[in-house]
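Undergrad: my questions are about this predicted structure, shown below with the sequence.
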Amino acid sequence: MASKKKKSVKRELIEWGVFLGVIGILFITGWHKNLAAGVQQLVLKTGTMQASAKKDTEQVNAPYNFKLRTLDGKLVNFEEFKGKTVFLNLWATWCPPCIAEMPDIHKLYKEVGSDKIKFVMVSLDNEPQKAVNFIQRKGYTFPVYTAPGNLPQAYASRSIPTTFVISPKGKIVVKHKGMASYNTSKFKKLLADITNQSLSKN
């Protein structure tokens, strides 16, 4: 009886050792982020976390007086996006929810990205090269930037991913904290309406 208990305890210790070893390997290699992102991507595919297709009731002015840096090191004045509909997303390579929503955002970009609808993906990584490596590895083609300084308070967020939609009239019409599915017919209609309403008033 005692030998059976010893074997049971030994087996349990081995199982825990294997489990902890696997967890350790996932964290050391950074694979835990990909695993978490993969699970979250499956959640997004269920359609339960779609981005709101309604404008915020309280719309604040969108600041344009700051600069961003492209992944090849060129400074860009955010003012260049004035008069456009802007999809502004704050993300980082160490953020699983950010990684999870990117394939969906990339599909949206390929469908609606244009001269009138601009995508501005801002990496908050401390080391820009991490963003460069990630984007190249994934093959994403939307424009990615880093922030050489602090972003204006209107874009401050305690959590990422956070996404803003700025109207051509310079209003933040959508602010969404957390991951979401944006490549939906309702959200695409919202982007089109924001853009076309502005054009029709010119």
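TA: Arrived safely, thanks for sending. On a predicted model such as this, the values are computed, not experimentally measured, just so you know. Numbering: from 1, shown residues only.

Undergrad: shaky segments in this protein?
TA: In the predicted model, the chain carries pLDDT under 70 at residues 1-50, 52-53, 198-202.

Undergrad: show me how it divides into domains.
TA: As assigned by automatic domain parsing, the chain contains the domains 2-45, 60-201.

Undergrad: where do the strands sit along this protein?
TA: In order along the chain, the chain carries the following strands (DSSP state E): 60-61, 67-70, 75-77, 85-91, 117-123, 144-146, 162-166, 171-177.

Undergrad: make TSV out of those and add distance to residue 156.
TA: Backbone N, C-alpha and C define where each C-beta goes, glycine included. What follows is the strands of the chain, written out as TSV (distance: least, CB to CB, whole Å):
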stretch	distance to residue 156
strand 60-61	12
strand 67-70	15
strand 75-77	20
strand 85-91	10
strand 117-123	12
strand 144-146	17
strand 162-166	9
strand 171-177	11
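
Undergrad: is it possible to get JSON lines of those that adds mean neighbour count and distance to residue 187?
TA: As requested, the strands of the chain are exported to JSON lines (neighbours: other CB atoms under 10 Å; distance: least, CB to CB, whole Å):
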{"stretch": "strand 60-61", "mean neighbour count": "12", "distance to residue 187": "21"}
{"stretch": "strand 67-70", "mean neighbour count": "16", "distance to residue 187": "24"}
{"stretch": "strand 75-77", "mean neighbour count": "12", "distance to residue 187": "25"}
{"stretch": "strand 85-91", "mean neighbour count": "24", "distance to residue 187": "10"}
{"stretch": "strand 117-123", "mean neighbour count": "22", "distance to residue 187": "12"}
{"stretch": "strand 144-146", "mean neighbour count": "20", "distance to residue 187": "21"}
{"stretch": "strand 162-166", "mean neighbour count": "24", "distance to residue 187": "9"}
{"stretch": "strand 171-177", "mean neighbour count": "19", "distance to residue 187": "9"}
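
Undergrad: closest one to residue 98 among the ones you listed?
TA: When these are ranked by distance to residue 98, counting by CB to CB, first place goes to strand 85-91 at 3.7 Å.

Undergrad: picking up where we left off before, can you say which of the strands of the chain is nearest to residue 194?
TA: From the strands of the chain, taking CB to CB, the stretch that ends up closest is strand 85-91, at 5.3 Å.

Undergrad: strands paired with that closest one, and their directions?
TA: Taking DSSP bridges as the criterion, strand 85-91 pairs within the sheet with strand 117-123 (parallel), strand 162-166 (antiparallel).

Undergrad: would a markdown table of these with distance to residue 73 be doable?
TA: Compiled in a markdown table, these are given as follows (distance: least, CB to CB, whole Å):
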| stretch | distance to residue 73 |
| --- | --- |
| strand 117-123 | 13 |
| strand 162-166 | 25 |
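
Undergrad: ok, back up a step: okay if I get the domains of the chain as JSON lines plus distance to residue 51?
TA: Listed next are these as JSON lines, based on distance: least, CB to CB, whole Å:
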{"stretch": "domain 2-45", "distance to residue 51": "10"}
{"stretch": "domain 60-201", "distance to residue 51": "4"}
